[in-house]
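Peer 1: Here you go, sequence then predicted model.
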Amino acid sequence: MENINAAHRLTSGRPSRARALAFIHLSLAIAALSSTPILYRLSELGPTATSFYRTFFAIPVFVAWIVVERHRVTGLGSPVAALWRMDGPVLGVGAAFFAANIVNYAWAIHFTSVANASLLSNLSPIFVSLGSFLMFGERVRRGFVGAMVMAVGGVAVLTSDKLAIGSDQILGDWFALLSAILFAAYLMVVGRLRQRLTSATIMLWTSALAAIGLGVVSMATGESLAPQTFAGWSMLLGLAIVSYALGQGLLVVAVAELGTAFSSISLLLLPATAALLGWALLGEPLTARQVIGGVIILASIAGANFASARR
């Protein structure tokens, strides 16, 4: 009987330990992802060239991830020829959406504040639900409609003080909003790919294809591809390894244990932590309108996530 009780205590402790570890993974993922706008702002290169290095330098990490997965699970993955025959066009579309998303986010950081760019670019959950309704006919709850109305109101409050300041900041806000729409499209494509491919495979090929496109655009537009200092190279490596590979990788691991709904709600901390980092490291103070608009936007995203989870 004592042995049975001891075994029960051991097995009952495993889920709690796994969940605690998942919370640590999620916290580290949020910390890593929060550094994204700061590293973009401190980069010595243009927004498109910086985005190129963010995807290019992360490729070896995803290759190593796939190797580890295939070592642990025999027969995991598909031959490259078969993969491209079945999913190549969809991977290409996903890579295009992803590349356009990160470029628009990079330009948003270049023109507007870290707080605004982070808040507006995190509206993607609302656009995912809206796109699912328009493209796949998924039913939309009244709570989601209310969340969309709140989001529009939050954006109006957030940008109302920019009309008299100048067009650059308004342009940056629009770049951030477009980034959210493009990321939503990317997530919808990934959702279909995830039915057949692993996360590492999707991230590897979308990153590789996005890097090719971003590299071509960078050279065509004349952006420099060579930082002048070691610090400049460090910003690019930080974006690729810390912000992208580590942040996204830890998030994928945490979601497997904590679930999508809880993880997506927790990611609402990203705009807040990014805004605090922008204030602490870049000297960007928060205005009253930004705080009010930010609270409304975060509440609308939480409402959209809750409505989607209930559905």
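Peer 2: Cool, got the structure.
Peer 1: Could you check how far stretch 118-130 is from the centre of its chain?
Peer 2: 10 Å (Cα atoms, centre = their mean, to the nearest Å).
Peer 1: Is it correct that S113 is in contact with G278?
Peer 2: Yes. Using Cβ atoms under 8 Å, S113 makes contact with G278 at a distance of 6.5 Å. In short, each C-beta sits where N, CA and C put it, glycine included.
Peer 1: More neighbours: which of the two?
Peer 2: Neighbour totals were compared for S113 and G278, and S113 leads with 27 against 24 (other Cβ atoms under 10 Å).
Peer 1: For the closest residue in space to L225 that isn't next to it in sequence, which residues are in contact?
Peer 2: Among residues not flanking L225 along the chain, A49 sits closest, at 5.4 Å (Cβ to Cβ, 6 or more residues apart in numbering). By Cβ atoms under 8 Å, 6 or more residues apart in numbering, A49 lies in contact with L214, S218, E223, S224, L225.
Peer 1: hmm, back to that, between S113 and G278, what contacts are shared?
Peer 2: E284.
Peer 1: before we move on, back to that, check the gap between the residue nearest to L225 and F56 for me.
Peer 2: For A49, the distance to F56 equals 10 Å [Cβ to Cβ, to the nearest Å].
Peer 1: Where does Q228 sit: helix, strand or coil?
Peer 2: Assigned state for Q228: coil (three-state reduction, DSSP: H, G, I helix; E, B strand; the rest coil).
Peer 1: can you start the count at 297 instead of 1 from here on
Peer 2: Happy to do that; since the first residue is 297 now, the last one works out to Q524.
Peer 1: For it, give me its contacts.
Peer 2: Taking Cβ under 8 Å, 6+ apart, we find Q524 in contact with E340.
Peer 1: how close does it get to V364?
Peer 2: 36 Å.
Peer 1: ok, now G442?
Peer 2: 44 Å.
Peer 1: ok, these two, which is more surrounded?
Peer 2: Using other Cβ under 10 Å, the more surrounded residue of G442 and V364 is G442, with 14 against 11.
Peer 1: show me where pLDDT drops low in the stretch 297-446 of the chain?
Peer 2: For the stretch 297-446 of the chain, the stretches with pLDDT under 70 are 297-311, 367-380, 432-437, 440.
Peer 1: can you map out the helices along it?
Peer 2: 298-330, 332-338, 343-352, 355-368, 376-407, 410-417, 420-432, 438-455 (DSSP state H, counting those that start in this stretch).
Peer 1: Only the buried residues of the fifth one, if you could.
Peer 2: So that's helix 376-407. Neighbour-count burial for helix 376-407, counted by 16 or more other Cβ atoms under 10 Å, picks out 379, 383, 386-407.
Peer 1: returning to what we had before: compile the helices of the stretch 297-446 of the chain into TSV and extend it with columns for distance to Q491.
Peer 2: Shown next, in TSV, are those (distance: least, Cβ to Cβ, whole Å):
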stretch	distance to Q491
helix 298-330	23
helix 332-338	28
helix 343-352	24
helix 355-368	17
helix 376-407	10
helix 410-417	27
helix 420-432	14
helix 438-455	24
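Peer 1: ok, and which of those helices has the densest surroundings?
Peer 2: helix 410-417 (a mean of 28; mean count of other Cβ atoms under 10 Å).
Peer 1: Please work out which residues outside that one touch it.
Peer 2: 333-334, 337, 401, 404-405, 450-451, 454-455, 465, 468-469, 471-473, 475-476, 479, 566-567, 570-571, 573-575, 578, 580, 582, 586, 589-590, 593-594.
Peer 1: likewise stretch 503-515?
Peer 2: 342, 344-345, 347-348, 351-352, 354-355, 358, 387-388, 391-392, 394-395, 398-399, 521.
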